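*Asks:* Just a sequence and a predicted model for now, questions to come.
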Amino acid sequence: MKWLLWIGGGLVAAVGLMAAIGAMLPVRHHATRRARYKAPADAVYAILAGPPDWRPGVTSYGALPEEGGKRRWWEQDRHGRRVTFELAEARPAERLRVRIADRGLPFGGSWTFEIAPDLEGGSELRVTEDGEVYNVIFRFMARYFLGYTTSIEAYLRDLGAKFGQPVDIEA
């Protein structure tokens with residue numbers, strides 16, 4: 001019976017330590033990665049601006065009414081989490097910025113997609129996340145276990161798969 005108390009106390013202490021460390025970490029973070037594709041910039045932009053049906057992590061999605069003149073939609077992931085997004089900026093074949101529009105999530109922020117043509121007829125895509133993590137436990141996990149670039153790197157790899165090519169991800 002005593003060992004149950006030790007295990008319970010250890011778990012409480014571990015969660016408390018994670019919360020304390022998470023509270024000391026900044027709410028905001030900035031992360032960026034880039035990859036090159038054998039597709040022209042307009043083709044890359046068309047995929048990014050279109051439906052997310054090419055991304056394996058998105059199980060369903062749908063359009064929402066515009067708000068403040070901005071296009072809005074939702075995406076649902078494999079875990080059943082639904083997130084609402086809005087298009088904050090769009091410059092075809094150049095730049096796209098998407099912002100999380102949900103207020104009640106433990107995270108928020110935006111992703112900026114910058115597309116530049118390369119000399120070989122392909123393009124380079126740089127994805128920048130300007131994120132915020134509000135929950136201190138989630139902030140600890142994001143910083144020390146998940147990493148701030150994990151989602152960006154998966155996205156770049158998924159895009160490579162859409163174009164039928166492997167990608168090298170660069171900082």
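*Replies:* That came in fine, so what should we check first?

*Asks:* And the helices in the protein, which stretches?
*Replies:* 2-24, 41-49, 136-141, 150-162 (DSSP state H).

*Asks:* how far off helix 41-49 does the last one point, in degrees?
*Replies:* Helix 150-162 runs at 120 degrees relative to helix 41-49, counting by axes from the mean of the first three to the mean of the last three C-alpha atoms, to 10 degrees.

*Asks:* buried stuff in helix 150-162?
*Replies:* For helix 150-162, the neighbour count (16 or more other C-beta atoms under 10 Å) marks Ser151, Ile152, Glu153, Tyr155, Leu156, Asp158, Leu159, Gly160 as buried. For every residue, glycine as well, the C-beta is placed using N, CA and C.

*Asks:* Chain neighbours aside, what residue packs nearest to the fourth one?
*Replies:* The shortest distance from Tyr155 to any non-neighbouring residue, by C-beta to C-beta, 6 or more residues apart in numbering, is to Val127 (6.4 Å).

*Asks:* still on that earlier bit, put together TSV for the buried residues of helix 150-162, with pLDDT and distance to Asp77 on each row.
*Replies:* Formatted as TSV, these follow (pLDDT from 0 to 100; distance: C-beta to C-beta, whole Å):
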residue	pLDDT	distance to Asp77
Ser151	94	11
Ile152	97	15
Glu153	97	16
Tyr155	97	13
Leu156	98	17
Asp158	98	13
Leu159	98	17
Gly160	97	20
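
*Asks:* Closest to Pro40 out of the residues you listed?
*Replies:* Pro40 lies nearest to Leu159 out of the buried residues of helix 150-162, by C-beta to C-beta, at 13.8 Å.

*Asks:* Could you measure from that closest one over to Leu48?
*Replies:* 8 Å (C-beta to C-beta, to the nearest Å).

*Asks:* can you check Glu153 too?
*Replies:* Per C-beta to C-beta, Glu153 is found 16 Å from Leu48.

*Asks:* Kindly report the same for Trp74.
*Replies:* In terms of C-beta to C-beta, Trp74 sits 17 Å off from Leu48.

*Asks:* Give me the more crowded residue out of these two.
*Replies:* Taking other C-beta atoms under 10 Å, Trp74 and Leu48 do not tie; Leu48 has more neighbours (19 against 15).
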